[in-house]
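Novice: here's a sequence, model it:
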Amino acid sequence: QVQLLESGGELVQAGGSLRILCAFSGRSFSSHRMGWFRQVPGKEREFVCTISAGSGYYADSVKGRFTISRDNVKDTVYLQMNSLKPEDTAVYYCAATATVWRPYDRAQSYDFWGQGTQVTVSS
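Specialist: Residues are numbered from 1 along each chain as shown. Next up is the predicted model:
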């Protein structure tokens, strides 16, 4: 069974940077597509970015500011967030799926989820 644990969320000023991470426990981390989603109260969970074996793919709202990466030795995925904006404030969730052919930008495509980490960007 896969378990995901996010950490690193905190309060940061607009324009600042933050790195959050997701520790994966279970089998075959390298075979899983990993994704980051975010959610604010009253709204649906929103795709942020994803990474499989190759490059990352990003939502337009974060492209050029966020970078997803993975360490297949440490079984960890990272999200480096730069030039943060108040509208980036959300709970950030890590997600995983071994079915890598599913649409990567849909929450329904992922089988495992972490509990989330709060990122707050002050103006």
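
Novice: show me where the chain has its helices.
Specialist: In the chain, no helices are defined using DSSP state H.

Novice: residue nearest the centroid of it?
Specialist: Nearest to the geometric centre of the chain sits residue 36, at 2.1 Å (C-alpha atoms, centre = their mean).

Novice: beta partners for that residue?
Specialist: residue 49, residue 94 (DSSP bridges).

Novice: check residue 25 too.
Specialist: Under the criterion used (DSSP bridges), residue 25 bridges to residue 3.

Novice: OK, contacts around residue 88?
Specialist: By C-beta atoms under 8 Å, 6 or more residues apart in numbering, the contact set of residue 88 is 38, 62, 81, 119, 121. (C-beta placed from N, C-alpha, C; glycine too.)

Novice: 6 Å instead, please
Specialist: residue 121 (C-beta atoms under 6 Å, 6 or more residues apart in numbering).

Novice: gap between it and residue 79?
Specialist: For residue 88, the distance to residue 79 equals 11 Å [C-beta to C-beta, to the nearest Å].

Novice: with residue 108 instead?
Specialist: Taking C-beta to C-beta, one finds residue 108 at 21 Å from residue 79.

Novice: neighbour count winner among the two?
Specialist: Here residue 108 and residue 79 are compared on neighbour count by other C-beta atoms under 10 Å; more neighbours surround residue 79, at 27 against 9.

Novice: I'd like to know how far that one sits from residue 42.
Specialist: Distance of residue 79 to residue 42, given as C-beta to C-beta: 23 Å.

Novice: same check on residue 110?
Specialist: 22 Å.

Novice: number of residues surrounding residue 40?
Specialist: 12.

Novice: for the chain, which segments count as strands?
Specialist: 3-7, 11-13, 18-25, 33-39, 46-51, 56-58, 66-71, 76-81, 90-97, 112-113, 117-122 (DSSP state E).

Novice: tell me which of those lies nearest to residue 103.
Specialist: Smallest distance to residue 103 across the strands of the chain (C-beta to C-beta): 9.5 Å, for strand 46-51.

Novice: and that closest one, what does it pack against?
Specialist: When contacts are defined as 3 or more C-beta pairs under 6 Å, 6 or more residues apart in numbering; DSSP states H and E, strand 46-51 packs onto strand 33-39, strand 56-58, strand 66-71.
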